[in-house]
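Trainee: missing the sequence, but the structure's below:
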(Lines give C-alpha, C1' and ligand atoms only; values in the text may rest on other atoms or scores of the structure.)
Protein backbone atom coordinates (compact mmCIF):
# COMPACT_ATOMS: atom_id res chain seq x y z
CA UNK A 1 0.00 0.00 0.00
CA UNK A 2 1.30 3.45 -0.87
CA UNK A 3 1.24 5.36 2.42
CA UNK A 4 1.07 8.84 0.93
CA UNK A 5 -1.81 8.19 -1.42
CA UNK A 6 -3.42 5.21 0.40
CA UNK A 7 -3.92 3.47 -2.90
CA UNK A 8 -6.06 0.37 -3.03
CA UNK A 9 -6.71 -2.19 -5.70
CA UNK A 10 -10.01 -3.99 -5.60
CA UNK A 11 -10.20 -7.35 -7.36
CA UNK A 12 -13.76 -8.22 -8.17
CA UNK A 13 -15.98 -10.97 -9.58
CA UNK A 14 -19.71 -11.54 -9.49
CA UNK A 15 -19.56 -14.05 -6.64
CA UNK A 16 -16.39 -13.11 -4.80
CA UNK A 17 -14.42 -9.94 -4.17
CA UNK A 18 -11.46 -9.05 -2.00
CA UNK A 19 -10.29 -5.64 -0.97
CA UNK A 20 -7.10 -4.27 0.56
CA UNK A 21 -8.57 -1.18 2.23
CA UNK A 22 -11.20 -1.93 4.86
CA UNK A 23 -13.18 1.26 4.27
CA UNK A 24 -14.20 0.28 0.73
CA UNK A 25 -16.08 -2.45 -1.05
CA UNK A 26 -17.77 -2.71 -4.42
CA UNK A 27 -19.97 -4.80 -6.64
CA UNK A 28 -21.06 -4.85 -10.27
CA UNK A 29 -23.91 -6.48 -12.07
CA UNK A 30 -22.03 -7.80 -15.09
CA UNK A 31 -18.84 -9.60 -15.99
CA UNK A 32 -15.63 -10.45 -14.17
CA UNK A 33 -12.98 -7.74 -14.15
CA UNK A 34 -10.46 -5.73 -12.20
CA UNK A 35 -10.78 -2.09 -11.29
CA UNK A 36 -8.79 0.22 -9.06
CA UNK A 37 -9.75 2.76 -6.42
CA UNK A 38 -7.27 5.27 -5.04
CA UNK A 39 -7.80 7.60 -2.11
CA UNK A 40 -6.13 10.82 -3.29
CA UNK A 41 -7.04 13.32 -0.58
CA UNK A 42 -8.11 13.15 3.06
CA UNK A 43 -6.02 15.84 4.73
CA UNK A 44 -8.97 17.97 5.72
CA UNK A 45 -11.98 17.09 7.83
CA UNK A 46 -14.48 17.11 4.99
CA UNK A 47 -13.63 17.02 1.26
CA UNK A 48 -16.51 16.73 -1.20
CA UNK A 49 -18.18 17.71 -4.50
CA UNK A 50 -15.65 16.67 -7.15
CA UNK A 51 -15.00 17.18 -10.84
CA UNK A 52 -12.39 15.84 -13.22
CA UNK A 53 -10.90 17.07 -16.50
CA UNK A 54 -7.89 16.65 -18.79
CA UNK A 55 -6.12 19.86 -19.73
CA UNK A 56 -2.83 20.38 -21.61
CA UNK A 57 -1.93 16.69 -21.27
CA UNK A 58 -2.46 16.57 -17.49
CA UNK A 59 -5.33 15.58 -15.22
CA UNK A 60 -7.06 17.88 -12.76
CA UNK A 61 -9.44 17.08 -9.91
CA UNK A 62 -11.26 19.77 -7.99
CA UNK A 63 -13.35 19.64 -4.80
CA UNK A 64 -14.52 21.68 -1.83
CA UNK A 65 -12.70 21.31 1.46
CA UNK A 66 -14.09 22.44 4.80
CA UNK A 67 -14.81 21.47 8.38
CA UNK A 68 -18.11 19.83 7.49
CA UNK A 69 -20.77 19.76 4.78
CA UNK A 70 -21.45 23.48 5.35
CA UNK A 71 -20.38 25.03 8.69
CA UNK A 72 -17.25 24.96 10.84
CA UNK A 73 -17.19 24.39 14.61
CA UNK A 74 -18.12 28.05 15.18
CA UNK A 75 -21.09 28.01 12.84
CA UNK A 76 -19.27 29.79 10.01
CA UNK A 77 -19.55 28.70 6.37
CA UNK A 78 -15.92 28.48 5.28
CA UNK A 79 -15.53 26.07 2.36
CA UNK A 80 -12.62 26.62 -0.03
CA UNK A 81 -11.75 25.26 -3.47
CA UNK A 82 -8.93 22.76 -3.98
CA UNK A 83 -7.44 21.61 -7.29
CA UNK A 84 -5.01 18.69 -7.64
CA UNK A 85 -2.85 17.98 -10.70
CA UNK A 86 -1.41 14.72 -12.00
CA UNK A 87 0.62 13.63 -15.00
CA UNK A 88 -0.43 9.98 -14.78
CA UNK A 89 -3.52 9.84 -12.56
CA UNK A 90 -1.57 8.16 -9.74
CA UNK A 91 0.51 10.85 -8.07
CA UNK A 92 -1.39 14.04 -7.27
CA UNK A 93 -0.23 17.42 -6.03
CA UNK A 94 -2.17 20.57 -5.06
CA UNK A 95 -1.99 23.49 -7.50
CA UNK A 96 -4.74 25.69 -6.05
CA UNK A 97 -6.31 26.42 -2.67
CA UNK A 98 -8.69 29.37 -3.08
CA UNK A 99 -11.48 30.90 -1.02
CA UNK A 100 -13.44 34.07 -0.35
CA UNK A 101 -13.68 35.57 3.13
CA UNK A 102 -17.13 35.18 4.64
CA UNK A 103 -18.37 33.06 1.71
CA UNK A 104 -18.79 29.31 1.52
CA UNK A 105 -17.15 28.33 -1.78
CA UNK A 106 -18.52 24.98 -2.88
CA UNK A 107 -19.21 22.47 -5.61
CA UNK A 108 -16.51 23.48 -8.14
CA UNK A 109 -16.82 22.36 -11.76
CA UNK A 110 -14.02 22.17 -14.35
CA UNK A 111 -14.23 22.79 -18.09
CA UNK A 112 -12.03 23.93 -20.96
CA UNK A 113 -13.24 27.11 -22.64
CA UNK A 114 -13.56 27.62 -26.37
CA UNK A 115 -10.28 29.56 -26.40
CA UNK A 116 -8.42 26.81 -24.50
CA UNK A 117 -8.37 28.02 -20.89
CA UNK A 118 -9.04 25.86 -17.85
CA UNK A 119 -12.17 27.24 -16.19
CA UNK A 120 -13.27 26.69 -12.58
CA UNK A 121 -16.93 27.47 -11.84
CA UNK A 122 -18.21 27.35 -8.26
CA UNK A 123 -21.02 28.59 -6.06
CA UNK A 124 -20.51 31.18 -3.34
CA UNK A 125 -23.01 31.05 -0.47
CA UNK A 126 -23.38 33.69 2.22
CA UNK A 127 -25.11 32.87 5.53
CA UNK A 128 -26.43 34.90 8.44
CA UNK A 129 -27.08 32.92 11.63
CA UNK A 130 -26.84 29.77 9.51
CA UNK A 131 -29.56 31.02 7.18
CA UNK A 132 -28.73 31.31 3.47
CA UNK A 133 -29.09 34.96 2.40
CA UNK A 134 -27.22 35.04 -0.90
CA UNK A 135 -25.91 32.60 -3.50
CA UNK A 136 -23.84 33.59 -6.52
CA UNK A 137 -21.59 31.96 -9.08
CA UNK A 138 -17.85 32.68 -9.41
CA UNK A 139 -15.20 31.70 -11.95
CA UNK A 140 -11.43 31.40 -12.14
CA UNK A 141 -9.28 30.75 -15.21
CA UNK A 142 -5.85 29.35 -15.98
CA UNK A 143 -3.84 29.20 -19.20
CA UNK A 144 -1.28 26.72 -17.91
CA UNK A 145 -2.94 24.82 -15.04
CA UNK A 146 -0.54 26.40 -12.56
CA UNK A 147 -1.48 30.06 -12.19
CA UNK A 148 -5.15 30.90 -11.70
CA UNK A 149 -6.97 34.21 -11.84
CA UNK A 150 -8.72 35.51 -8.73
CA UNK A 151 -12.38 34.50 -8.29
CA UNK A 152 -14.74 36.87 -10.07
CA UNK A 153 -18.56 36.86 -10.03
CA UNK A 154 -20.39 35.70 -13.12
CA UNK A 155 -23.00 37.96 -14.72
CA UNK A 156 -26.40 36.58 -15.72
CA UNK A 157 -28.48 38.55 -18.21
CA UNK A 158 -31.22 39.36 -17.56
CA UNK A 159 -30.38 39.56 -13.87
CA UNK A 160 -32.48 37.02 -11.89
CA UNK A 161 -34.91 38.52 -9.40
CA UNK A 162 -33.94 36.16 -6.58
CA UNK A 163 -30.72 36.23 -4.54
CA UNK A 164 -30.09 32.50 -4.39
CA UNK A 165 -29.33 31.74 -8.03
CA UNK A 166 -26.78 29.05 -8.85
CA UNK A 167 -25.27 28.25 -12.26
CA UNK A 168 -24.19 24.74 -11.38
CA UNK A 169 -22.13 23.47 -14.32
CA UNK A 170 -21.00 24.73 -17.75
CA UNK A 171 -20.42 22.52 -20.79
CA UNK A 172 -18.65 23.88 -23.88
CA UNK A 173 -19.63 23.11 -27.45
CA UNK A 174 -17.07 24.77 -29.69
CA UNK A 175 -16.71 28.41 -28.70
CA UNK A 176 -19.96 28.52 -26.71
CA UNK A 177 -20.56 27.35 -23.17
CA UNK A 178 -23.97 26.37 -21.80
CA UNK A 179 -25.24 25.99 -18.27
CA UNK A 180 -28.47 25.85 -16.30
CA UNK A 181 -29.05 28.01 -13.24
CA UNK A 182 -31.56 27.31 -10.52
CA UNK A 183 -33.04 29.59 -7.88
CA UNK A 184 -36.10 30.04 -5.71
CA UNK A 185 -39.24 30.89 -7.65
CA UNK A 186 -43.01 30.96 -7.30
CA UNK A 187 -43.39 27.30 -8.36
CA UNK A 188 -40.44 25.96 -6.35
CA UNK A 189 -37.31 26.28 -8.47
CA UNK A 190 -36.81 28.40 -11.57
CA UNK A 191 -34.44 26.79 -14.08
CA UNK A 192 -32.92 28.85 -16.89
CA UNK A 193 -30.61 27.76 -19.71
CA UNK A 194 -27.79 30.27 -20.35
CA UNK A 195 -25.01 30.55 -22.94
CA UNK A 196 -21.62 32.26 -22.74
CA UNK A 197 -18.64 33.07 -24.93
CA UNK A 198 -16.17 34.07 -22.22
CA UNK A 199 -17.27 32.11 -19.12
CA UNK A 200 -18.10 35.32 -17.22
CA UNK A 201 -21.10 36.89 -18.98
CA UNK A 202 -24.13 34.66 -19.59
CA UNK A 203 -27.24 35.32 -21.69
CA UNK A 204 -30.60 33.65 -21.31
CA UNK A 205 -31.48 31.04 -23.91
CA UNK A 206 -34.63 29.51 -22.44
CA UNK A 207 -36.65 29.32 -19.22
CA UNK A 208 -37.25 25.63 -18.50
CA UNK A 209 -40.65 24.39 -17.41
CA UNK A 210 -39.69 22.21 -14.47
CA UNK A 211 -42.14 21.97 -11.59
CA UNK A 212 -41.13 21.31 -8.01
CA UNK A 213 -37.68 21.39 -6.48
CA UNK A 214 -35.59 20.97 -9.64
CA UNK A 215 -31.95 21.98 -9.15
CA UNK A 216 -28.57 20.57 -10.24
CA UNK A 217 -28.43 20.16 -14.03
CA UNK A 218 -25.77 18.62 -16.26
CA UNK A 219 -25.61 19.27 -20.00
CA UNK A 220 -23.74 17.27 -22.64
CA UNK A 221 -23.81 17.05 -26.45
CA UNK A 222 -24.35 14.29 -28.97
CA UNK A 223 -22.13 14.18 -32.09
CA UNK A 224 -25.06 15.47 -34.17
CA UNK A 225 -25.21 18.65 -32.06
CA UNK A 226 -28.26 17.80 -29.96
CA UNK A 227 -28.01 18.87 -26.33
CA UNK A 228 -28.78 16.43 -23.52
CA UNK A 229 -29.98 17.57 -20.10
CA UNK A 230 -30.17 15.67 -16.80
CA UNK A 231 -31.97 17.43 -13.94
CA UNK A 232 -31.99 16.50 -10.26
CA UNK A 233 -35.23 16.75 -8.23
CA UNK A 234 -35.53 16.84 -4.43
CA UNK A 235 -39.26 17.18 -3.96
CA UNK A 236 -40.98 16.27 -0.71
CA UNK A 237 -44.34 14.86 0.25
CA UNK A 238 -46.20 13.24 -2.61
CA UNK A 239 -44.26 15.03 -5.33
CA UNK A 240 -42.21 13.04 -7.81
CA UNK A 241 -38.50 13.22 -6.97
CA UNK A 242 -37.21 11.24 -9.94
CA UNK A 243 -34.74 13.02 -12.19
CA UNK A 244 -35.68 14.54 -15.54
CA UNK A 245 -34.08 13.88 -18.94
CA UNK A 246 -34.25 16.32 -21.83
CA UNK A 247 -33.16 16.45 -25.48
CA UNK A 248 -33.15 19.47 -27.81
CA UNK A 249 -31.79 20.54 -31.18
CA UNK A 250 -30.09 23.89 -31.72
CA UNK A 251 -30.93 26.64 -30.82
CA UNK A 252 -32.01 24.64 -27.72
CA UNK A 253 -35.31 26.40 -27.12
CA UNK A 254 -37.65 23.47 -27.82
CA UNK A 255 -37.13 20.64 -25.32
CA UNK A 256 -38.46 17.10 -25.13
CA UNK A 257 -38.36 16.35 -21.39
CA UNK A 258 -39.47 13.27 -19.48
CA UNK A 259 -39.14 11.80 -16.00
CA UNK A 260 -36.38 9.27 -15.48
CA UNK A 261 -36.92 5.97 -13.74
CA UNK A 262 -34.96 6.86 -10.61
CA UNK A 263 -33.84 9.63 -8.31
CA UNK A 264 -30.38 11.11 -8.98
CA UNK A 265 -28.02 13.42 -7.13
CA UNK A 266 -24.77 15.25 -7.89
CA UNK A 267 -24.86 13.69 -11.34
CA UNK A 268 -22.39 13.78 -14.21
CA UNK A 269 -22.57 11.91 -17.49
CA UNK A 270 -20.50 11.33 -20.62
CA UNK A 271 -21.39 10.25 -24.16
CA UNK A 272 -19.24 7.50 -25.69
CA UNK A 273 -18.39 7.31 -29.39
CA UNK A 274 -21.02 4.62 -30.02
CA UNK A 275 -23.74 6.73 -28.41
CA UNK A 276 -23.78 4.89 -25.10
CA UNK A 277 -24.22 7.22 -22.14
CA UNK A 278 -22.56 6.56 -18.78
CA UNK A 279 -23.81 8.39 -15.69
CA UNK A 280 -22.23 8.82 -12.28
CA UNK A 281 -24.70 9.64 -9.53
CA UNK A 282 -25.84 9.01 -5.99
CA UNK A 283 -28.07 5.97 -5.57
CA UNK A 284 -30.86 6.09 -3.02
CA UNK A 285 -32.03 2.53 -3.61
CA UNK A 286 -29.68 0.48 -1.39
CA UNK A 287 -31.41 0.18 1.97
CA UNK A 288 -30.75 3.18 4.21
CA UNK A 289 -27.30 3.79 2.73
CA UNK A 290 -26.40 6.05 -0.18
CA UNK A 291 -23.89 4.81 -2.73
CA UNK A 292 -22.13 6.31 -5.73
CA UNK A 293 -23.07 4.27 -8.79
CA UNK A 294 -22.61 4.13 -12.56
CA UNK A 295 -25.64 3.95 -14.84
CA UNK A 296 -25.67 2.95 -18.51
CA UNK A 297 -28.22 4.21 -21.00
CA UNK A 298 -28.92 6.04 -24.23
CA UNK A 299 -30.18 9.33 -25.63
CA UNK A 300 -33.78 8.23 -25.01
CA UNK A 301 -33.15 8.60 -21.29
CA UNK A 302 -33.47 4.93 -20.40
CA UNK A 303 -30.87 3.93 -17.79
CA UNK A 304 -29.94 0.97 -15.65
CA UNK A 305 -27.47 0.66 -12.80
CA UNK A 306 -24.40 -1.37 -13.80
CA UNK A 307 -21.76 -0.66 -11.17
CA UNK A 308 -21.50 0.38 -7.51
CA UNK A 309 -18.37 2.16 -6.38
CA UNK A 310 -16.85 1.56 -2.93
CA UNK A 311 -18.79 4.24 -1.06
CA UNK A 312 -21.14 4.84 1.83
CA UNK A 313 -22.82 7.54 3.87
CA UNK A 314 -22.25 11.04 2.52
CA UNK A 315 -21.13 10.34 -1.04
CA UNK A 316 -21.55 11.22 -4.74
CA UNK A 317 -20.80 14.28 -6.92
CA UNK A 318 -18.57 12.35 -9.32
CA UNK A 319 -16.58 13.66 -12.23
CA UNK A 320 -16.32 11.37 -15.28
CA UNK A 321 -13.50 11.18 -17.83
CA UNK A 322 -12.84 8.59 -20.52
CA UNK A 323 -9.11 7.83 -20.63
CA UNK A 324 -8.14 5.25 -23.24
CA UNK A 325 -10.12 2.10 -22.49
CA UNK A 326 -11.10 3.17 -18.98
CA UNK A 327 -13.69 5.34 -17.30
CA UNK A 328 -12.10 7.46 -14.58
CA UNK A 329 -14.44 8.54 -11.80
CA UNK A 330 -13.62 11.08 -9.11
CA UNK A 331 -16.00 11.10 -6.15
CA UNK A 332 -16.16 11.59 -2.41
CA UNK A 333 -17.33 9.34 0.40
CA UNK A 334 -17.30 9.19 4.19
CA UNK A 335 -16.38 5.52 3.69
CA UNK A 336 -17.33 4.39 7.17
CA UNK A 337 -16.15 7.53 8.97
CA UNK A 338 -19.18 9.79 9.58
CA UNK A 339 -18.34 13.46 9.24
CA UNK A 340 -14.97 12.88 7.55
CA UNK A 341 -15.23 12.67 3.78
CA UNK A 342 -12.30 11.88 1.48
CA UNK A 343 -11.68 12.11 -2.27
CA UNK A 344 -11.30 8.96 -4.37
CA UNK A 345 -10.42 8.15 -7.97
CA UNK A 346 -11.69 4.94 -9.56
CA UNK A 347 -10.61 3.45 -12.88
CA UNK A 348 -13.07 1.04 -14.45
CA UNK A 349 -12.62 -0.83 -17.77
CA UNK A 350 -15.12 0.43 -20.32
CA UNK A 351 -15.61 -3.12 -21.57
CA UNK A 352 -16.98 -4.04 -18.13
CA UNK A 353 -19.52 -1.22 -18.21
CA UNK A 354 -20.43 -1.61 -21.91
CA UNK A 355 -19.98 -5.33 -22.74
CA UNK A 356 -20.91 -4.86 -26.39
CA UNK A 357 -17.87 -2.64 -27.04
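Mentor: All right, it came through fine. Just so you know, these numbers come straight off a predicted model, no measurement behind them.

Trainee: show me the helices in the stretch 251-357 of the chain, by range?
Mentor: Listed in chain order, the helices of the stretch 251-357 of the chain (DSSP state H, counting those that start in this stretch) span 350-353.

Trainee: which regions of it sit below the pLDDT cut-off?
Mentor: Low-confidence segments of the stretch 251-357 of the chain (pLDDT under 70): 285-289, 335-339, 357.

Trainee: can you check the chain too?
Mentor: Where the chain drops to pLDDT under 70, the residues are 1-32, 184-189, 236-239, 285-289, 335-339, 357.

Trainee: who's in contact with residue 217?
Mentor: 168-169, 179-180, 182, 191, 229-232 (CB atoms under 8 Å, 6 or more residues apart in numbering). Any C-beta I mention is one placed from the backbone N, CA and C, and that applies to glycine too.

Trainee: out of those residues, which one sits closest to residue 88?
Mentor: Nearest to residue 88 out of those is residue 169 (CB to CB; 26.3 Å).

Trainee: that older thread, which one of the contacts of residue 217 is nearest residue 264?
Mentor: The shortest approach to residue 264 among the contacts of residue 217 belongs to residue 232, at 5.4 Å (CB to CB).

Trainee: may I ask you to confirm that the closest one is in contact with residue 260?
Mentor: No - in terms of CB atoms under 8 Å, residue 232 does not count as a neighbour of residue 260; the distance is 10.0 Å.

Trainee: neighbour count: those two, which is higher?
Mentor: Here residue 232 and residue 260 are set side by side on neighbour count (other CB atoms under 10 Å), and the busier one is residue 232, at 23 against 19.

Trainee: work out for me the element that one sits within.
Mentor: Taking DSSP states H and E as the definition, one finds residue 232 inside strand 227-233.

Trainee: which residue sits closest to residue 302 in space, ignoring its chain neighbours?
Mentor: Counting by CB to CB, 6 or more residues apart in numbering, the nearest residue to residue 302 once its immediate chain neighbours are dropped is residue 261, at 7.5 Å.

Trainee: please report phi then psi for that neighbour.
Mentor: When read as degrees, to the nearest 10, the backbone of residue 261 gives phi -90, psi 0.

Trainee: what's the neighbour count on it?
Mentor: A total of 14 residues lie near residue 261 under the criterion other CB under 10 Å.

Trainee: pretty sure it sits against residue 242.
Mentor: Yes - taking CB under 8 Å as the definition, residue 261 is a contact partner of residue 242 at 6.7 Å.

Trainee: one step back: which one among the contacts of residue 217 gets closest to residue 147?
Mentor: The closest of the contacts of residue 217 to residue 147 turns out to be residue 169 (CB to CB; 23.6 Å).

Trainee: count of neighbours near that closest one?
Mentor: Close neighbours of residue 169, defined as other CB under 10 Å, add up to 22.

Trainee: wait, it sits on residue 121?
Mentor: Yes - taking CB under 8 Å as the definition, residue 169 is a contact partner of residue 121 at 6.9 Å.

Trainee: shared neighbours of the two, anything?
Mentor: The contact lists of residue 169 and residue 121 share 109, 111, 179, where a contact means CB under 8 Å, 6+ apart.

Trainee: by neighbour count, which of the residues you listed wins?
Mentor: Taking other CB under 10 Å as the neighbour criterion, residue 179 ranks highest of those with 28 neighbours.

Trainee: identify the bridge partners of residue 100.
Mentor: Beta-bridge partners recorded for residue 100 (DSSP bridges): residue 103.

Trainee: ok, it - contacts?
Mentor: 124, 138, 151.

Trainee: and the gap between it and residue 123?
Mentor: According to CB to CB, to the nearest Å, residue 100 and residue 123 sit 11 Å apart.

Trainee: residue 84 too?
Mentor: Relative to residue 123, and taking CB to CB, residue 84 is found at 20 Å.

Trainee: thinking again about what came up before, residue contacts, the residue nearest to residue 302?
Mentor: Contact partners of residue 261, counting by CB under 8 Å, 6+ apart, are 242, 302-303.

Trainee: okay if I get the contacts of residue 217 as TSV plus distance to residue 33?
Mentor: Formatted as TSV, those follow (distance: CB to CB, whole Å):
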residue	distance to residue 33
168	33
169	30
179	35
180	35
182	38
191	38
229	31
230	26
231	32
232	30
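
Trainee: what strands line up against the strand holding residue 232, and which way round?
Mentor: Note on strand 227-233: by DSSP bridges, its sheet partners are strand 214-221 (antiparallel), strand 244-248 (antiparallel).

Trainee: quick one: end-to-end distance for stretch 199-216.
Mentor: Terminal residues of stretch 199-216 lie 18 Å apart, using CA to CA, to the nearest Å.

Trainee: for that stretch, which positions count as buried?
Mentor: Taking 16 or more other CB atoms under 10 Å as the neighbour-count basis, stretch 199-216 is seen to contain the buried residues 199, 202, 205-206, 208, 210, 212-216.
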